[in-house]
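J.: Mind folding the following:
(chains A and B)
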Amino acid sequence: MHSKALISVLLLGLAPLAVVADEINYNRDIRPLLSNNCYACHGPDESKRAGGFRLDQQASAFAEADSGAHPIVAGEVGASELVRRINSTDPDEKMPPEDTNKKLSAEEIALITRWIEQGAKWSEHWSFVAPARPPLPTVKNRDWPASPLDDFILATLESKGLQPSAEAAKTTLIRRVTFDLTGLPPTLTEIDDFLADDSTMAYERVVDRLLKSPRYGEHMARYWLDAARYGDTHGLHLDNYREMWPYRDWVVQAFNDNMPYDRFTIEQLAGDLLPEATEDQQIASGFNRCHVTTAEGGSIAEEVYVRNVVDRVVTTGTVFMGLTLDCTRCHDHKYDPLTMKDFYSLFAFFNNLDGAPLDGNKKDPAPVIAVTTPAQKMEIARLESLIEEKQREIQQLVAQTSYVEPAAPPEVSAPQPQEFVWIEDAAPAGAKAEGGWKFVTAPAPVYSGEKASTRTASGLGQHFFSGAPTPLDVHEGDTLFAYVYLDPKNPPKQIMLQWNDGTWDHRAYWGGNHISWGVDNQASRRHLGELPETGKWIRLEVPAQLVGLPAGAKINGWAFTQFDGTTYWDRAGIVSLHGQSATYDSLLAWESDQRAAKGAGLPNELKNIIQSDPKQRTEAQQQQLRDYFIEHAYAETRDVFQPLHQQVDDARQQIAKLRKGTSTTLVFRERAQPKPAYVLHRGEYDQRREEVPRATPAVLPPLPDGAPLNRLGLAQWLVDDAHPLTARVAVNRMWQQVFGVVLVKTSEDFGSQGEPPSHPELLDWLAVDFRENGWDVKRFMKNLVMSRTYRQTSDVTPELLEVDPNNRLYARGPRFRLDAEMLRDQALAVSGLLETSMGGPSVKPPQPDGLWFAVGYSGSNTVRFKQDKGHDKVHRRTLYTFIKRTAPPPQMSTFDGPSRETCSMRRERTNTPLQALLLMNDPQYVEAARALAERVLREGGDALEDRVATMFRLGTARKPNADELAELVQLFEDAHHAFAANPDAAANLVKIGESVPDSALDTTEVAALTIAASTVLNLDEVIMKN
Amino acid sequence: MDPLIEYANTTTRRHFFAQGAMGLGAAALASMLPTAGAQGAEALGGLPGLPHFAPTAKRAIYLFMAGAPSQIDTLDYKPKLDEMFDKDLPESIRNGQRLTTMTSGQKRFPLAPSKFKFQQYGANGTWVSELLPHTAKMVDDLAIVRSLHTEAINHDPAITYFTTGHQLPGRASLGAWLSYGLGSLNQNLPTFVVMTPSWTGRSQAQALYNRLWGSGFLPSKHAGVSLRRSGDPVLFLSNPSGIDGPLRRRMLDSLKKLNQETAAQIGDPDTQTRIDQYEMAFKMQSSVPELMDISDEPQSVLDMYGPEATKPGTFAASCLLARRMAERDVRFVQIFHRGWDQHGNIAGDLPNQCRDVDQASWALVQDLKQRGMLDDTLVVWGGEFGRTVYCQGKLTRQNYGRDHHPRCFTIWLAGGGTKPGIEYGATDDFSYNVTENPVHIHDFNATLLHCLGIDHRRLSYRFQGLDMRLTGVEDHSPVKDILLA
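T.: Numbering: from 1, shown residues only, chains lettered A, B, ... in the order given. Take a look at the predicted model:
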């Protein structure tokens, strides 16, 4: 009876494998049955609990229920009410009741009965108990294991009377491991090198090489991005562009740098809270901002706020802990010991974002930071070293300059106002001149220099500049001036000068009052008199303070404005006691002027020195003054230092511009005052109940000592040794990546409703090993792919298929369809089209017309798809393809790529006709086939057989056998025959794609080989990882 | 034949059951193994035990009016409003109902009676607006439900809620559930097809989202296939320029041989499935163009659907295609017609929207009827919520706007086991609150599933530890009163 039950369970595909021991294991065999069939009414959810007992807790299950009966009496089947009820045929008594749509099979009932018979041994749910490193099991075939993980696998196999499969062929192995570590196929050279390497280290050398490849980080990142729900649009309603790619690049870099998983966790959950968070750590905190957002008209901010926070909580629960927290948003968990209060206590960690809930349809809803690309970073570094170099040069030159005070120093008297000319023949260097500056030279009116600017206006006219990099310093009592010449034949009705110190509200005018800007009789519009006399140069003077420019103001812009008429403008600037960059022949004269101006404009230190009694100064202070004078004010050396200053200034400006960045990324940042959190009745945003503080769920360990009560503390808690879930969830996910099937099949649910692990001891061993070795991801991945288990052939015998159709025993190597990204990357790689540059904004390779337009909001900035052009964009790795979340690219979605609207921990792997159509007909795949054909024509030898064989090797890593070769050669011949009869068809076929066909090659031949290449790219063996 | 291939072929069935329906490629495998459905029709794939009971509808066509049509100006006649023009909505009626932030700041909520004329039609004297003259002619075929209600008040959450059972992304859509549960009725067309035709009302139309016909947590093969308005109707259907049918066949023959060798060598049943999927793709290359080619439709039929029936990408053309798909046993067709979000300018935009859909909707029902197909084809017409009786923006007798209103809206059904010629549910004099027989959108979806032979409580999928259902976790039930049996 027992063994029959086991077979039946096995065939149902439910938790089958470990049910081999005679003794029934509560966690493995019984809890899932009780959880799925009973917990909904007799479980953790207090509000739904019936009968006054719960079966998720031993004490209650063994105690007296409301009815007076005991649900479970250990060892006594007859006294256990539960046994009576699950066997009952009375509809009023039968459990589970008919209307629950739950049903226990006869085998399951037998299993429960037997468990009670054996004493109803109880244990805590496995995933809530911290893993301990289990001892290695004993195995008979002691030569087989290469890694401890093999011992666990082998022990299970041996207990079932099975043997592991032989090692896969070297060609299979290198293709498999190259895909698993880099997401790409091996190159021919890599295959040849491996085949030629007979040493026992050959395989390990391949693995080490792959782990060092930058392609590794890209490959690992894309799994994580599914979990992190990374996308390039907001995902809701308008679904506008969202700039977030620096986060994607951070993930790639983190994997390539082999960042330990604990740090990886902390930086993403709370990078912004780390002391002196770096730019990278802030970028990482964008993990909490990847969720979909909206700015739909009519949205209620509080409702959206709650949804955003809920997504952060749920995603954190799923990604790091494998817990389905979403259930506890509206009610206590029905299956796991998690309450609503737990949920909203976690909510309190994530609810304090310093930004609005609605995204404003902007690419950069706050908080964001501006980021620099690697190229920009390099440029900044270059400029910084340039500045350093120039400053050293300046220092040396200052030191080398000999200065002797002129014999007859001018009398030290009250400083005289000096005129500083700012505008002569052009706007100041670096300023942004606008309004169309037109210059004239003599004989037209010119006051000084070579040129004067002029304008003829009908109505309002002006020319101006702003953003002058070296602004004009305003001091007490300064006067602004400019020269103007009014055309006597066509005088203006009004002229106006304007200055910009951040705003343009500083105006003075002469003549009529036709220009409406500013307010009469205020600094924004001062009337300073009638129009000056026409036909001659007149100097206009405006006291700076009169137009609202106090001492300390910095003028960066100047406008020459007029109403009607023709004007000429020339030489303009400021008259000041304090000079601008006036030069001096005498240090004493300069000192005297500076003292009178109280050192305005000097660095603070010098300001103090200049105002001190010269006799009290130290030598060093005097030297400082002297050096400053020589560098900045000494007439003799002005020509030496001015260009150097200019270079330093230019470099600084460029750095500032680069730092401002052209790109931003969403980050997390806390508000100063934490927002309170409440239990929300039924999860409704407007149904607040009790306020809850930040806290971790009671069923899990408390926050570690000294951890702050914020996201940082929460992240530290997750990676604390005592946490039972984080390491297990992480190793299970990485196992899934490589083996396809997992130790815990429901990788997003480690709770009672998830499947118990197929190899619980192995899972724990891996988790502890991972954690104790510094959460070293590369080490872990290496351990997986170095194992014998991994290296087995994936060929399967009918017998093995019968026993273990899903390969959950791992008696053979993994074999499954490549993911969307791998398929496209493979086609691009083998054809030689792949562009391997890394990072930066997402790209839009071609996709069929109208996919965005069919669904997009008319006013969205992603309503129309415009494909990128150029090899450097369209042939990038698929990781970099732009994901519009409401209409994801078909190259992804057709092959089960998620839309990234929500966190996704595993992809289904379907096999559909639409996939066949895409691989055969998508222009990018057709282009890849053609490029592959061209490639083998150039590189694959002269004989057709060699070319076809090369093509086949590129796709499968192995040589074709005689039949395969003959089949493809015959296909080529037939296609060649067809194309020879129809040259237009050949010409049309080879034209497809972004790249230009190689004109040196024969079109018919290329076309016919394209057919063979497309066939190779569509082979089951090429679509699959073998 | 190689014994291993034979083995692979014969194991597929076991493989399928061993994996459960969610296994790798399993459902696709099962699609090769026709099993007799409850009606005796051959269903491909689908779950064992489904349908749960004899369906009244073998297939369904859902005309989704995205943006939310005004029930007050079309099917929910409120004569008393006329004398209350520009009066304030009584607080007792609004009753604390939350409003969108588009009108919550309005100082007043002035009542806007419909400017359109209503007349009585059919055996029951059903009131229908002049905007829907063709719909009016067929009220005796329709079950009009005036008491739909939902919780969502904005488009994205509301339409996601209606089509997937949840206001946020991530769940499976109605059509995906049908594909998952019932499998396919044919071998050469997708079982769930979506069309997104053009519209002529409001130019700034609300967005759609692929998730509305997505598979969510279900395997992606259950996602709706969106027929495109131009280019290949199904993505990548056509061979590339330069490859004709015979050459494609020649290539597939080689591919098949090579893949059969792989199947023999490796022994993975998935390889055999792949071979079959490529053959199915090849079949689709002729079956889809044949479906799209309406040159065999007689003029009398084209005339029924109106002048736009021959204009690709219009609602009328989509309805005609929907009928052709129904004939070819496509299980579920959903047409999303946009542009119904009349916050303003009802006078200008709403007549255009109605003109887009009225005649073609009528024609679809009549065309199915005249072919004897209405009995087992369910047709549904409606939006994601209703619109307010009070005016948004400037109110005149001649023009006005209406905001979103989740508390009541009107939908009609025809055929597929629904009662013809009935009106169900009622609203107050303001079309603001349901006064009789409320129908939550979950009840409504449960009703649709019921017509297709599915007990909505028993169609579930384990995801993240929960048994996910289209109709959520609360108690809901089909509206049996509007069903024949």
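J.: Surely B:A158 and B:E384 touch.
T.: Yes. The pair B:A158 / B:E384 is scored as a contact, 4.2 Å apart, by CB atoms under 8 Å. From N, CA and C alone the C-beta is placed, and that goes for glycine too.
J.: who touches both of those two?
T.: B:68, B:150, B:152 (CB atoms under 8 Å, 6 or more residues apart in numbering or on different chains).
J.: I'd like these as TSV, with pLDDT and secondary structure appended.
T.: TSV is the format used below for the shared contacts of B:A158 and B:E384 (pLDDT from 0 to 100; DSSP: H, G, I helix; E, B strand; the rest coil):
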residue	pLDDT	secondary structure
B:A68	96	coil
B:T150	97	coil
B:A152	93	coil
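J.: Switch the residues you listed over to CSV; also include distance to chain A and neighbour count.
T.: Shown next, in CSV, are those (distance: CB to the nearest CB, whole Å; neighbours: other CB atoms under 10 Å in any protein chain shown):
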residue, distance to chain A, neighbour count
B:A68, 12, 25
B:T150, 14, 23
B:A152, 10, 19
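J.: where in the chain is pLDDT low?
T.: All of this is about chain A. Along chain A, the parts satisfying pLDDT under 70 run over A:1-22, A:408-415, A:578-582, A:597, A:600-601, A:661, A:745-748, A:752-754.
J.: was after chain B, sorry
T.: Looking at chain B by pLDDT under 70, you get B:1-43.
J.: quick one on the thing from earlier: looking at B:A158 and B:E384, which has the bigger crowd around it?
T.: Shown here are B:A158 and B:E384; by other CB atoms under 10 Å in any protein chain shown, B:E384 has more neighbours (30 against 23).
J.: Hmm, B:P157 and that one touching each other?
T.: No. The criterion here is CB under 8 Å, and B:E384 misses it with B:P157 at 9.1 Å.
J.: Show the contacting residues for residue 287.
T.: Going with chain A. So A:F287 contacts A:228, A:247, A:268-269 (CB under 8 Å, 6+ apart).
J.: actually chain B
T.: Contacts of B:S287 by CB under 8 Å, 6+ apart are B:188-189, B:328.
J.: element containing B:L320?
T.: In this assignment (DSSP states H and E), B:L320 forms part of helix B:315-327.
J.: List the contacts of the residue in the stretch 851-1000 of chain A that chain B sits nearest to.
T.: Nearest residue of the stretch 851-1000 of chain A to chain B, counting by CB to the nearest CB: A:L989, 2.9 Å away. Going by CB under 8 Å, 6+ apart, A:L989 touches A:926, A:930, A:979, A:1007, A:1010, B:240-243.
J.: host element of it?
T.: helix A:983-991.
J.: Sort out which residues of that helix are buried, please.
T.: A:985-991 (16 or more other CB atoms under 10 Å in any protein chain shown).
J.: Run the angle between the following helix or strand past it and helix A:983-991 for me.
T.: Using DSSP H and E, the helix or strand that directly follows helix A:983-991 along the chain is helix A:1003-1017. Per axes from the mean of the first three to the mean of the last three CA atoms, to 10 degrees, the angle that helix A:1003-1017 makes with helix A:983-991 is 50 degrees.
J.: Check whether helix A:1003-1017 comes near chain B.
T.: Yes. Between helix A:1003-1017 and chain B, judged by CB under 8 Å from any CB of the partner chain, the touching residues are A:1007, A:1011, A:1014-1015.
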